[in-house]
Structures are given as C-alpha cells and as structure tokens.
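Asker: Got a sequence here, can you build the structure:
(chains A and B)
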Amino acid sequence: MKVFVFDYARCNGCRNCQIVCKDEHCGNEWPGYARSQPDSGQFWVRVTEKVRGSVPKVVVSYTLNMCRHCDDAPCAGICPAYAFKRRDDGLLLLDPDACNGCMLCAEACPYGAIFQNKDLSIAQKCTGCAHLLDDGWKEPRCADACPHGSLRCLDDQEARIRYPQDYEASVVKAKEHLILLNAPQPFVAGTVVDLVADEVLIGARVTLENKLDGSLQVQDTDDFGDFWFKQAEAADYQLYIEAEGYLNRSMGISTTEKDCNLGIIEMSSARFFDAEEDVTMEAALDIEAPRERKEGQSLAEGNDYYVFKNT
Amino acid sequence: MHEKKTTVKVAIESATEPVAKVAIESAIESVAKPAAMPANKAATEPVAKVAIEAATEAATGAAIESVAKPAAMPAPEAATKAATKAANKPAPKTATKTVIKGLGFCSAGVGSCVCSIDVDEEQDRIIRIRPFHFDQEYPLEQLNPWKLSARGVDLDCGTRTYSSPLSLCYKNRVYSKNRIPYPMRRADWDPEGERNPQNRGISPFVRISWDEALDLVAKELVRVKETYGPEAVLAQADGHGETKVVHGTHGCQTRLLSLLGGYTLQSRQPDSWEGWYWGAKHIWGMDPFGQQNYQVNVIKDVAENGDAVLFWGCDPETTPWGWSGQMASRVCYWFNDLGIKCIHIAPDANYTNVIHADKWIPVLPNTDAALQLAIAYTWLVEGTYDKEYLKGHAVGFEHFRYYVLGGEDGVAKTPAWAQQKCGVPSFTIKALARYWARHAVSVAHCNGGSYIRSAFSHEPARLEVALLGMQGLGKPGANQFKFIDWSVFGLQDVNALVAQSEQPDLFPAYRGRENPIRPDIIPKTMVPQAILHPPIQWYGNIAAGLPREDQFSGPYVYPKPGKSPIHMIWTDSPCWETCWNGGFKMQEAFRHESIETIMAQHIWMENDCRFADIILPTNTKLENLDIGSDAESGQWNTVYYERQAISPLYESVSDMEVVAMVAKRIESFGGEYQGIYEKYTEGKDVEDFIRLGFENTGAAKAMGFDDFKTKGYYPFPAAEGWQDLPVGLSRFYESPDAFPLKTPSGRLEYYSTSLAYYFPDDTERGPVPKWVEESAEHKERLSCARAREYPFLIVSNHPRWRIHANHDDALWLREIDGCKIAGPDGYWYEPVWVNPFDAGVLGLKDGDIVRIFNERGSVLGGVMVTERIMRGVVYQDHGARVDTMSAGTGGLDRGGANNLIAPNDVTSRYSYGEVTSGFLVNVEKFDVQGLGFEGLEAQGMGYEAATGLVFHPAPQGAGSFGEARAADGASAIEGLVAFGGLAGLQEAAGAAKATGVPAVAEEGGTL
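Answerer: Down below sits the predicted model:
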C-alpha cells in the first residue's frame, strides 16, 4: 500500500510537484490509467500559499492538496458508473473508459481533487502515476521531483514505522493515504524596546499564557529585542513582559483568526527618567583629518592611522 | 504507417549520394522539413487523434514525407541513433529514448541543471523532463560522494539533481505558442526603397522563405560593410538564455562578422552584480567578480564556526534556480537545522526570507549604505571592531573613520542619522551592529535586487567589505559567499560548497561569442544614448570579467574618429527592452532613422523581435545535438553528450546554423567572400566540435569518445581531500603578506589610491566609500524633489518564475498562485506588491490594476496587497514580456516590464552599470477597459491568458500577412538547394511544390 507524506516544514513552494504532474499527464495518454489532461486548469497536485503576519515578522506557509486515495472514498461511493478501481497498492484509479462524466464524484470529494475534462466529458484525478510504478519507477513524478523530500510516497510499512502517530491518525483512523507533518500553527511575535533610551531590550522575559487551559510558553528576547512563539495554537492568550528596571507589561491577544505580530512593544523605565547617560551616541572622539594620498604612496606605513586619542 | 516508413527508406537511399559531409550543413537542411505535425497538437492531443492525423498524413502526404525525412535526419543524429538504443538501459515502456540535457539558463557556454528527457521517438515528441540521476551509469563509490556534517546534522550531495521548476516546465517553452515558425520580414521595410524605421514595433510581418531571408541578410550585411565599413554593424550577442555549446546561443554571429572584417560589439557589463564590479573591486580586488572569489569550504566553515549569516538582498530560493537548481535551497534548510541565525536585510520579504529567516530587517531600497555607515559608526564609537586586524590587513582606514565620524562633511553617520535615510529604527541598527561585533557573521549573496543594481551601487558593495574588514574578514565563520555562480568564469575557487576535482571546460567546442575584448564597442547600458545622441564617451572595455585596472583605461569614444556609426543591428538576444536600463528609450533608438536594418534571430516572438526588420527562427536545445557541462549544481560536476531529443520544429534552425547559412550565402558573392563558410565552420561538423570539447575535459582521460556517447555522461568525483582545503579568506586572515589581495597594496583599501589618482573629480565614487544622496543624473531618493510626484521606491528583483526575460510564456508557471494577476479584461498582469498601509492610502485592493509610472513612462501591474513589502515601497519582478501599447519615452506597457521605466543613466559618472531597481515611481489605479489587442494583432500576434502573448502563423495560402508568398512553403527548399547544392533534393523540391507543403497549422489555428 502506498502512503503519501507531506512535510510542511520542508516545502519551499517551488511547485515542482505541481509542474511535473502536468508534465506527465498533459498531452500524454496512459491507456488503462488516465487520459490526457488539458494543458491548464486541472491540478491533481497543487501547492497554494498563505502570507502570514506583518512587517517585519512575515512567513509564508505552503500547503499541498491532492487526492488522498481514501479507503472509504466518497467519490467512489457515489459513482453511478462504478468507474473507481482500487489497486492492490491502495491507489484509487478513475477509469476513464468507465466514467460517464456525471461529475458527482467531484462534488463528493471534500478536497476538490477531482476535475472535469470538458473536451472528453470525463472526470479526472491523481493516479499516483500508477503507470510508472508498474513500469518500475520507485515513486510518482511529484515525489521524484521534490528537492527536499517534502512530498514522498512511501510503502505502508515504512510510513507506519517512521511516523507511527501520524500514521495512526491519518491512515488508520481517517482512512486517508496522505500524512501531513508539521502543520503550521499561528505565531505570536514582537520587539521589546525602550524608546526613551532608543535601545532594544535583550533578555526580557516574555510569557504567553493560554487563557483556556493556563498553559505557559516562555521566551527571553534575543539580541534584537525579539520574541517569536512560532507554534502557538489558535487561542486567546495573556502576554506578559518583564525586564529588570522596567515596568511590567501585560496584554490580551488572540491568534484565533490570524497570526499576531505585536510590533514594537514599548517598555517604560521603572526609574522614571533618572538622568540616563547620553543615549544619542554623540561622538566623543577627537577627529583629525588624515593627509591626502596618491597612487604609489604607501598607506601601510606607521601605526598612527589607528591610534585614536580615546581608544 | 508501414507505407510511410517505406517511402522514407527509399528517400534516404535516393539521397545517399549527396548526404552532406558536414553536419552543420545537414542540420541546416532540416529547415526543409515541413512541420509535419503541429507541435502543440502533438503535445496536447490525445494519442489516438494524433495517430489518426499521422495516418491521414501518411496517406496523403507520402511525397512530402519523402522530402522531409532525409533532410530532417541530420547526419550526427542518424549516426548516434543506433548508439542511443544500445546506450540507454532498457527503456521503460513509458518512453522509447532518453537524452541528457542541461536545462540551466546562464548561457555563455556555462551549463548546469542537468535533466533527463524522455522522448517518444515514433511521434517525435517529448514525453517528460525529470531530474537526472548521477548514479545511473556509475557506481556511487567511484564518484567520491561528499557529505558535510556539523552539529550533528548532515548535508549530502544526493544522487539526483535538485531541479528547479524552470527546468522541469521546459516542455512549455519548446512547444510554446509563441515560437517563431518561419523567417519573416517587416511588411513596410523595403531594402530597395522606403525602410520606415518609425514603424518598427508597429507594422506587421510577412512570411518569407529561408531563401529570401538569407538573400536579404547577406545583401544587407555586405552592403552595410561596403558602404560604411564593418563597424557599422552592431552585434547584440550576450545575455542569458539556453546554455548551448556548439550551437552557441549567443554570439555565433560575432565569429562571422569578424571574418567579414569586424563589427561593433554591444559590450555587456556585469549585470546583476554591478556594485561589486564597479565598487568592491577597489577595496579588495577580487577580480574578476568583485565578490569574494575564494569561497572554498565557506559553507562548511559557516556550519562549523558561524553564528549567523546576513542574507543581504539575497534570495537563494529564487535567483539560483535557473543557474544551479535547488541545492542552495537545501543549504538554507541545513542552516536552519544547525541553528545558524539567518538575518535578512531587504525591502521585501523574499522567498527565502519567508521560510528560512530568523530575522527580517526591512530597509528602504538602495539605502543600505546608510545602514552600513551607521553600523561602522557604532563599532567606532563603542570600540567593538578589530583594530589589530586592520593594522595588518588594511590601508587608509583613518580616511574611512574620519568620514564616518563626520569629520569630512560635518555629519556623523549615527544610527539616528541613518534611520532617516534607510527606514531602519536606530535601535535595530545598534542591535545589529552589536550582534555582529560579538558573533561570527558571514554575508551571503545571490545576485540582483536594489542592493546591488541601483544608482551608486558601488557604495553599498564597498561598504559591506569595509564592515567585514572591521570584524576580521577571513576569521572562522566570517566570510562572504554566494549561493549562485559556483563555476563562474570557470574559476576553481568560487564553489562555496564542496570543491570538485574538475571544472569541465568545453571551450574548444564553444561556437558562441568570441573574445569579448573588441576594438569597437558600445557599452550595453549606453546603446540608446549612442544611437540617439552620439558621440558618447566612457572608460574601460566594460566587458564583464575584466580586471579592476580596465576601469581606468580610456577614455573611449563612439563613433571612433574616421569610423562610421552603426547602421545595422544583428541581435540574437532580443530582450534589451525588458532587461536593461530604460527600455522606452531603447525603443526610440530602435526606430532611429540611422538604423537601416535590424535583424533578430530568436526562438520566440517576444520583446525586441517585434522591432526587427528581419526575423529568423531559431530553436531550442532539445532540437539540437550538442555537448554540455554542469558545474553549478553543487553536487557533481558533469560533462554530458546532449543528443537531439526531437527534430527541429517548424522551419527553425540553431543559432549557429543560422550564421552558417548566412555565411554560405555571403560566399556566393564570390571575391573576398570566397571560402568564408569554410572559415566559419573551420571545416568541422557538430560532432567534431563535440569531440574537441570532450577531449578538453578530464573525462577523456577516463573514457573514450564512443564510450562517452554510449554512457551519455561523465561525473567528476569530488576533489580528493576537499575537507582539508583552506577556507575562504582564512589564509589572508592568517598571513596577508603571503596571501595578499589583488589591490595595489595587497590589503583592504579603505581609501583607494587608484580611484583618487584616476578620477580625482569623481564625487560619486570617491576614494572612500560614502553615502551619496543624489547626483546630476540620479535623483532617485525619497528626499529628492521628484519624490513629491513619485513618492514610492520600486524594488525589482530577479523573478521567481522566470529567468530574466525567459519563461514568461510557460503556462504551468503562469497558473501558479501569485505568478500573474487576472485583470477584469481577462489579461493576466504582472503582480505588484503593495503594503496594506500604502494600499489603504492609495485606495487599492487585491486584483486592482495599477499604473506604475514616472517621467520615463508607465507599466501596468496587478495589485497584491501584502505584508511582504515594507511601506513606501512597491515590488515588481523584473523581466516580464514587453507588451507596449505606446512606445518610446512616456509610453505605456501592459506587460509590466518595469525596466522600461528604469533610469537611462548608468550607475554613476565613471561606473557603467545599469540602474534597474530602487528608483522613484508613483502608483495609481488604472482603467484597463478598452485597451484591446489591436497592436498585437497588427503584428500577427494575439493574447491567450494561459500563455500570454502568442504568435499566430499565417494560415496556409490565406496570406493574412498581405503577401501570397507566405504560402510558398516550398521556397525554403529551393533556397537550400540553391546554396546547399543538394542535387538529390531538387526533384523532391519539385514534388513538394506540386503538392504544397503544409508548413503551418490548420487554417486559422494556432501552432
């Protein structure tokens, strides 16, 4: 049995899978497996993208959609022509010769993975490149062309051993032959700054409290004053920021609708403007004009160029 | 089908006697082959239907077939056919032949992106294009497979190429509806009478025979040469595109023009790395590139010793795709796995940033110099730079220090100062400076973008090196490296990944552009100026790849005293408008009355082709026999025998063959032209050149030529002991005396004595790198008065779904999310990214069509409201196909080719790079209703959303181009007979004439 595995964390959105699927099936007939797909318009494998967050905390998540070759396939169940055929390797084929073009299957498919070929009056979908597997290929075109192993087509046994939990959830329970790994979660991010001092705050303690279950995630801001909880679940949160010498801040936020970049979060000094040292970084250096040089003159002579009066 | 084969056999026999000895000739002959089957049909129609068509044809077109087949079977292909069958492993049922092709697009003979192409020989069509498996003929152990390990995570070389979508979609390109099927002449261009230069880009084309085309070309070349002198011909012979070797791609014509006594070369300056060439060389040498040349084991070093990598205007998930595939992308994932901090600095969240970055610092386009100066300032004030290092490794640092601290102009380059210029908060600038000072930081680049292609781009380039120097350039984890160009100029040390045992050099086989150092040149960036407002003056021979000192040679002038200005253009890279600086001005130059003839040879009907007077159809490398190499993929360097995959489509021939045909025709003029064909071909055929190329590589030591052809390729093992080669600039770091830089002092030159000496009056590129606000030529800052009218800066990177101007017609790319934006008129527009804040101010929403404009003109785009671009900046990829509604300065382009509105002036006073990003524009909503397609249709073109611009060939016999000769398909054969002397074809030609050769698709249809 074949199981597709898609890893969100390794998809760079190159669309090789989408393109080689077309390369294989547009303009090529594979008798007994599939008729030729129109040049454009169908996507037996498709990668779509979603831009998340806001400047300067922006990520793109790529999502793959394809036929799951479901065990209890609603498309097959509704087909009045009995055109769906299950292979021994688990791939579900739609026999173009048996199909009457009624398109009930496309309506039944919860993933929009079945397409109408108007010219041929048939429905069409992913074959798992069964014609190639039968010809000795180890994997279908989409997996063969994926440069990062983001999309793979594994034998049942390997999938079960490598990803036991996901296998249990997707293949055993949901009865789909597609395992999705590392599905992205909403993020919470921000930059903690003392605007009076014109400095980011490094090492500020940021605590993200899930309002529903009280669970906590904790980060200290990095060298840029940034915190970035990349896998916060969609939930309502209370966010706390604490830094030595500053007033604490707390705010209610939500990731239920979208990612949450809080942008610049200003922290106020607890010392209340007690004469900080000069924060504008005015040069306290004594500057002296170096003498002009021309080609041929050595600039390496002497160390005087590097001697600064205050350093 | 049986009958068909029989006739072919008979025909071959009858043609035995005259079968060309010279393979070039026989390849040329393939133009005689009528397009037996419309290519797009072949690609898309169900097998059954195709078979029926073929059968019908066999019944009705036996005579045609007998003409076509012998000619369509070039000798080398015939010779290798048997070998092919024997060579490949048992062919899968799903293909009958597999050929190897490099589908990288650097051109200039530097191959890459090797792929396997499965072919259906019977139907003569491509079935599929797939990644190449290096181990299919050689055991892995023999290849010394490499593996990098750091912090418990591995990166290995893999066994198949990590192809990019730009290679894998290539069937779209081969069978594009935009292919040029046959030779054409502009209808109102009459070499005997009125040439109507003002109608270039407007008036229609008529189909002509190859015979007539060659006549026109040969006569014009000879006339121009004899009337004005050979320098009156401008050769546009450079750029990117398919990478061919024997067939050249670019510059085949230069070899013929040389034989004719010379020509003027459009000299291509470094494009996509302008600032490095014009600036960085003056601080650290690094000829010929300007970027760190010594990159050996730098990626390994970063992995082992680095804390962070600054991706400064750098997008490994885009730019390397067409050059080297996706190994660079794998390296980025590896860095993520290792926990190396990936910091991106650019106005846009590019494709690498949005999946790999730990930190994005948005900076306004072309203001990186301010950010860099403020970093230097912070280090100077806080004393957090490597003073000891500078003592031994640098000269003139005190000049730099003096400037940064404000001694020279009274302006201290503080973070607060920089914040006003570059839009990065001063607290972030300080944080970055402090982080950098405390960590091992390397800087990574690809090519392009506003960092390095804007006005004064030499300054950020020099300043980056200045900063690297202040932190001990060359120490562990602190180098500069590139994710692309891992074999550029055939240099051994530019591969930042793993050293290879050989950089295969196919130069003896290369038939493209000859030596770029020519006595007569026009810098490519100055061509419009040269044509419209001569004379012009400049310094340096310009050609990319020359040493630093070349920038001081000159001044040179055009036209040279006593020599003629140009009157004819012969281009094989017709994309100036959409790839260079200020294309609307170039359109005016194309129409200038001094230009009597423009001849373009190209595969697709696009861009500058539409301004040509004569158009000759060339073909893709899948239609040629050639040799190729791959030294860019970062896996194994490889040399391979590139069998012909399919017969040439329509009447096309290769670029090299076009020139050979012209040579043959010129030869017929006799006299001084006697023997020019032989001189051009050097008496060799394609196979001879392939053999020469092969013998120039180490593969020849490992195997014989026949064995090479049988196996199809030879992969060079990784270099023995590659792990132990010294890292990047570590040797300079350790001993600057023993390993000096190629600067006059051998050190980092914070003050360039050469610039001070040669260009004492240069205020834009002075001896010390600086912030340049504006110049007489360039007022492209938000602080300039122009910004009141044009308040946005545009960023234009190398495109994600194209390689410069290539691939804009690939429908499987066009239908990808975000590749194009469908307008209300059904036209798919080039996307423009607008920040939500700006979109709110401008009243724009997703899918709106806008005009991006300045005084130079307007281009259209489809709005994507996105957080991937900072406020005050709009983003649009470069290289969209030109679809000009009105040409010339102030014109309007529908395609979104924003190079049209880029500044015409060069980088700075003595730096001749292009300025194609980081310039001022305004954006406003645009009503597209009523734009129509009249201009396209007038030129025999049309628009289909899936492909974009398409070319509609003349229906057979209908003469929709106005001239009956369009239907005279047999004339091509006559022409060949006339110059090729193929007696055996005489009779066949007669037969073809009698039946009428179905050279084009069914009536009224598209190809």
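Asker: make it CA atoms for all contacts and neighbour counts henceforth
Answerer: Noted.
Asker: Which segments of the chain make up each domain?
Answerer: If you meant another chain, say so; for now it's chain A. A:2-181, A:188-266 (automatic domain parsing).
Asker: looking at chain B here, not the other one
Answerer: As assigned by automatic domain parsing, chain B contains the domains B:290-484+B:726-750, B:785-948.
Asker: In chain B, where is pLDDT below threshold?
Answerer: B:1-93, B:955-1007 (pLDDT under 70).
Asker: how about 50 then?
Answerer: Residue ranges of chain B with pLDDT under 50: B:1-92, B:957-1007.
Asker: residues in contact with the residue in the stretch 451-600 of chain B that chain A sits nearest to?
Answerer: The minimum distance from the stretch 451-600 of chain B to chain A, using C-alpha to the nearest C-alpha, falls at residue B:470 (12.1 Å). Residue B:470 sits next to B:385-387, B:389-390 when contact means C-alpha atoms under 8 Å, 6 or more residues apart in numbering or on different chains.
Asker: change it to 6 Å
Answerer: Neighbouring residues of residue B:470 by C-alpha atoms under 6 Å, 6 or more residues apart in numbering or on different chains: B:385-386.
Asker: which phi and psi does residue 105 have?
Answerer: Since no chain was named, I'll use chain A. According to degrees, to the nearest 10, the main-chain angles of residue A:105 amount to phi -60, psi -40.
Asker: Tell me which of the domains of chain A lies nearest to chain B.
Answerer: Chain B sits nearest to domain A:2-181 of all the domains of chain A, at 3.6 Å, using C-alpha to the nearest C-alpha.
Asker: Which residues does the helix or strand containing residue A:60 contact?
Answerer: Using DSSP states H and E, residue A:60 maps to strand A:57-66. Applying C-alpha under 6 Å, 6+ apart, the external contacts of strand A:57-66 come out as A:13, A:44-52, A:113, B:354.
Asker: Max pairwise distance over the residues you listed: which two?
Answerer: Spanning the widest gap among the contacts of strand A:57-66 are A:113 and B:354, at 27.3 Å by C-alpha to C-alpha.
Asker: hey, where'd the strands end up in the stretch 151-300 of chain A?
Answerer: Assigned by DSSP state E, counting those that start in this stretch, the stretch 151-300 of chain A shows strands spanning A:151-155, A:178-181, A:188-194, A:199-200, A:205-210, A:216-220, A:226-229, A:236-242, A:249-254, A:260-266.
Asker: Dump the domains of chain B into TSV; add distance to residue A:240 as well.
Answerer: Shown next, in TSV, are these (distance: least, C-alpha to C-alpha, whole Å):
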stretch	distance to residue A:240
domain B:290-484+B:726-750	22
domain B:785-948	26
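Asker: Would you mind listing where chain A has pLDDT under the threshold?
Answerer: Per-residue confidence of chain A (counting by pLDDT under 50) places the weak regions at A:278-280, A:283-284, A:298-311.
Asker: And the residue nearest the centre of it?
Answerer: Central residue of chain A (C-alpha atoms, centre = their mean): residue A:61, 3.2 Å from the mean position.
Asker: how much space between that residue and residue B:153?
Answerer: To residue B:153, residue A:61 is 24 Å away according to C-alpha to C-alpha, to the nearest Å.
Asker: same deal with residue B:915?
Answerer: Going from residue B:915 to residue B:153 by C-alpha to C-alpha gives 41 Å.
Asker: The two: who's more crowded?
Answerer: For residue B:915 versus residue B:153, the count of surrounding residues by other C-alpha atoms under 10 Å in any protein chain shown is larger for residue B:915: 29 against 12.
Asker: How about the contacts made by the more buried one?
Answerer: Taking C-alpha under 6 Å, 6+ apart, we find residue B:915 in contact with B:453-455, B:581, B:907.
Asker: tell me the secondary structure for it?
Answerer: Following DSSP: H, G, I helix; E, B strand; the rest coil, residue B:915 is assigned to coil.
Asker: neighbours around the residue nearest to it when sequence neighbours are not counted, how many?
Answerer: Closest residue to residue B:915 apart from its sequence neighbours, by C-alpha to C-alpha, 6 or more residues apart in numbering or on different chains: residue B:454 at 4.6 Å. Residues near residue B:454, counting by other C-alpha under 10 Å, number 31.
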